[in-house]
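Peer 1: mind folding the following:
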Amino acid sequence: MENETKITEIGEVNLNNPIVIEGLPGIGFVGKIVVDQIVKHLNGEKFAELQSDYFPPQVTMKEDGLIEHMKMEFFYIKDFGENNQDIVLLTGNTQGSDFEGQIMISKVLMNYFEDLGSEKIFTIGGLGTGELSERSKVFVAGNNKDLIDEILEIDNTEVRKDEGGAIVGASGLLLYYAQQKGIDAACLMGETPGFYVDPSSAKEVLFVLFKLFGFELDFEELDEQIKVTNERLALNPKFNQNMVEHGVNQPGEDLRYIG
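Peer 2: Numbering: from 1, shown residues only. I've put the predicted structure just below:
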């Protein structure tokens, strides 16, 4: 039986050359936190869902004991930011479970974004360094030099100086498939140790998006997550040793990104 990946639209939506922002689970959950915050605080409306036989063979359990299936969800916001742009937000609770699934799902996503008339794509994720930092940098990669240069004008952004780092998963593949279709795309990667869910890194990526799109949102919930995370880290003196034992990259090793 052939594996199936399909997108089901919940209702009609009329979008004008939307800009896509993707944030799926990956290192530090940076991308997912970013997109979920925008959806929640700026009232993103769900309009479609992707299901796939390439997702992991599992369901998740919610606090009330009910299960939730593996899925990706599409939300939209009309007249977003200072330029009143339409945006599509992609989030979810999973990615493809293997290399074939990642490729097939990313191709389906890219074809759908093209059908929506998307004119630009931003993918969001975390870049694992294996060490704590006082302030997370936001690393930039993309398929168009002008778009990369535009992002680099924003404070706290930079391009990795060494070559060879990989952007694995939808956040990387969408850049390539967008290039094939002549659509400009860039990836914003928040620097993160890679060992825990990192709301602080997500906040730095949001600051970059603020500058790109000219919008703001309430940080109260995110700041509380950052406070709780920092308190837990402070109570764990063996944190750095735990990273070694769990195989997280240490300084001097190649930075790897899964996104």
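Peer 1: with adjacent residues omitted, what lies nearest to I27?
Peer 2: Once flanking residues are discounted, I27 sits nearest to G126: 3.9 Å by C-beta to C-beta, 6 or more residues apart in numbering. Any C-beta I mention is one placed from the backbone N, CA and C, and that applies to glycine too.
Peer 1: buried residues in the longest helix along the chain?
Peer 2: When the chain is parsed with DSSP state H, its longest helix is helix 99-115. Buried residues in helix 99-115, defined by neighbour count with 16 or more other C-beta atoms under 10 Å: G101, Q102, M104, I105, S106, V108, L109, M110, Y112, F113.
Peer 1: can you report how many residues lie near E119?
Peer 2: For E119, the neighbour count with other C-beta atoms under 10 Å is 15.
Peer 1: wait, it touches L15, no?
Peer 2: No: counting by C-beta atoms under 8 Å, E119 stays clear of L15, with 10.6 Å between them.
Peer 1: on that earlier part again, if you count contacts, what does the one helix or strand the residue nearest to I27 maps to end up packed against?
Peer 2: Assigned by DSSP states H and E, G126 falls within strand 120-128. Secondary-structure packing of strand 120-128 (3 or more C-beta pairs under 8 Å, 6 or more residues apart in numbering; DSSP states H and E): strand 19-22, helix 30-41, helix 170-180, strand 184-192, helix 199-213, strand 257-258.
Peer 1: lowest-pLDDT helix or strand in this structure?
Peer 2: In the chain, no helix or strand scores lower on mean pLDDT, DSSP states H and E than helix 239-245, which sits at a mean of 47.
Peer 1: pLDDT below threshold where in the protein?
Peer 2: By pLDDT under 70, the weakly predicted segments of the chain are 1, 162-164, 237-259.
Peer 1: what about 50?
Peer 2: Per-residue confidence for the chain (pLDDT under 50) gives these ranges: 241-255.
Peer 1: A170 versus the residue nearest to G81 when sequence neighbours are not counted, what's the distance?
Peer 2: Leaving out its chain neighbours, the residue that sits closest to G81 by C-beta to C-beta, 6+ apart is F213, at 3.6 Å. Look at F213 and A170: by C-beta to C-beta, to the nearest Å, they are 21 Å apart.
Peer 1: looking at these two, which is more packed in?
Peer 2: A170 (29 against 18).
Peer 1: the more buried one against L109, yeah?
Peer 2: Yes: A170 is within contact range of L109, at 6.7 Å (criterion: C-beta under 8 Å).
Peer 1: shared neighbours, the two?
Peer 2: The contact sets of A170 and L109 overlap at E22 (C-beta atoms under 8 Å, 6 or more residues apart in numbering).
Peer 1: for burial, what's the neighbour tally of E82?
Peer 2: 8.
Peer 1: tell me the contacts of it?
Peer 2: F213, G214, F215 are the contacts of E82 under C-beta under 8 Å, 6+ apart.
Peer 1: before we move on, what SS does it have?
Peer 2: Secondary structure state of E82, per DSSP: H, G, I helix; E, B strand; the rest coil, is coil.
Peer 1: now it: how far from F219?
Peer 2: Per C-beta to C-beta, E82 is found 19 Å from F219.
Peer 1: go on, G65?
Peer 2: Applying C-beta to C-beta to G65 and F219 gives a distance of 32 Å.
Peer 1: which non-adjacent residue is nearest D53?
Peer 2: In this structure, D53 finds its nearest non-sequential neighbour in N3, 4.0 Å apart by C-beta to C-beta, 6+ apart.
Peer 1: I'd say the one you found and Y54 touch.
Peer 2: Yes: in this structure N3 lies within contact range of Y54 using C-beta under 8 Å: 5.8 Å.
Peer 1: give me the common contacts of these two.
Peer 2: Counting by C-beta under 8 Å, 6+ apart, the contacts common to N3 and Y54 are G101, M104.
Peer 1: what is the neighbour count of V20?
Peer 2: Around V20 there are 24 other residues, counting by other C-beta under 10 Å.
Peer 1: count of neighbours near E221?
Peer 2: Quick note: E221 (other C-beta under 10 Å) scores 13 neighbours.
Peer 1: sounds good, over and out.
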